[in-house]
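S.K.: Sequence first, then the predicted structure:
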Amino acid sequence: MNTALSLVVVIGCATSPMTCGSSKHHEAPPKKTEAPAPAQQVDLALFRDVVAKATHFKLGTRQVTDRAELQRLLTDMRETNAQAVPAVRIDAAAEVPWQDIADVVSLCREAGLTSVSLQVPQGEVPAVSMAR
């Protein structure tokens, strides 16, 4: 007696989710998520008018007249770059008071820009060092 044995392997399900009873293998494959774009860096320069005793700002290439305008521009920058929040690099002239620099850092954080760094002029040693 010679009996042939057939084995059929079914990959996937030939039925619809309505008749199969299992929805697990009928789900769509997970969508690929795109990696966030690398964040751009924006330079924020601070200058001091020693005669008028006022600090002036330059965001990228744009002259900014006052802190309210700077706050608005920083907030707009954060909202228009929601996928890749820009990093802000502050470059302050030596005459700029530390309080003005601290205020600008606060403006950046209030605008939602959490990556803020301070530029140290080339060849100078930072006043505060994290080195041990």
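M.R.: Perfect, I can see it now.
S.K.: For this protein, which element, helix or strand, carries the lowest mean pLDDT?
M.R.: helix 17-20 (a mean of 54; mean pLDDT, DSSP states H and E).
S.K.: strand partners of the lengthiest strand in the chain, parallel vs antiparallel please.
M.R.: Using DSSP state E to define each element, the chain has its longest strand at strand 41-49. Counting by DSSP bridges, the strands paired with strand 41-49 are strand 54-59 (antiparallel), strand 87-92 (parallel).
S.K.: Just the buried residues of that strand, please?
M.R.: Buried residues in strand 41-49, counted by 16 or more other CB atoms under 10 Å: 42, 44-48. (C-beta placed from N, C-alpha, C; glycine too.)
S.K.: Looking at those, which one is closest to Asp103?
M.R.: Checking the buried residues of strand 41-49 against Asp103 by CB to CB gives Leu46 as the nearest, at 9.9 Å.
S.K.: ok, and the closest non-adjacent residue to the closest one?
M.R.: Ala92 (4.1 Å; CB to CB, 6 or more residues apart in numbering).
S.K.: Repeat that for Gly112.
M.R.: Per CB to CB, 6+ apart, closest to Gly112 is Arg78, 4.3 Å.
S.K.: can you check Glu110 too?
M.R.: Nearest residue to Glu110, sequence neighbours excluded (CB to CB, 6+ apart): Gln71, at 7.1 Å.
S.K.: ok so, going back, mind listing what the residue nearest to Leu46 touches?
M.R.: For Ala92, the contacting residues are 45-46, 100-101, 118-119, by CB atoms under 8 Å, 6 or more residues apart in numbering.
S.K.: mind redoing it with 10 Å?
M.R.: Residues near Ala92 by CB atoms under 10 Å, 6 or more residues apart in numbering: 44-48, 55, 57, 98, 100-101, 104, 118-119, 121.
S.K.: would you turn those residues into JSON lines with distance to Gln63?
M.R.: Formatted as JSON lines, the contacts of Ala92 follow (distance: CB to CB, whole Å):
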{"residue": "Leu44", "distance to Gln63": "12"}
{"residue": "Ala45", "distance to Gln63": "10"}
{"residue": "Leu46", "distance to Gln63": "12"}
{"residue": "Phe47", "distance to Gln63": "10"}
{"residue": "Arg48", "distance to Gln63": "15"}
{"residue": "Thr55", "distance to Gln63": "13"}
{"residue": "Phe57", "distance to Gln63": "8"}
{"residue": "Trp98", "distance to Gln63": "23"}
{"residue": "Asp100", "distance to Gln63": "16"}
{"residue": "Ile101", "distance to Gln63": "18"}
{"residue": "Val104", "distance to Gln63": "15"}
{"residue": "Leu118", "distance to Gln63": "21"}
{"residue": "Gln119", "distance to Gln63": "19"}
{"residue": "Pro121", "distance to Gln63": "21"}
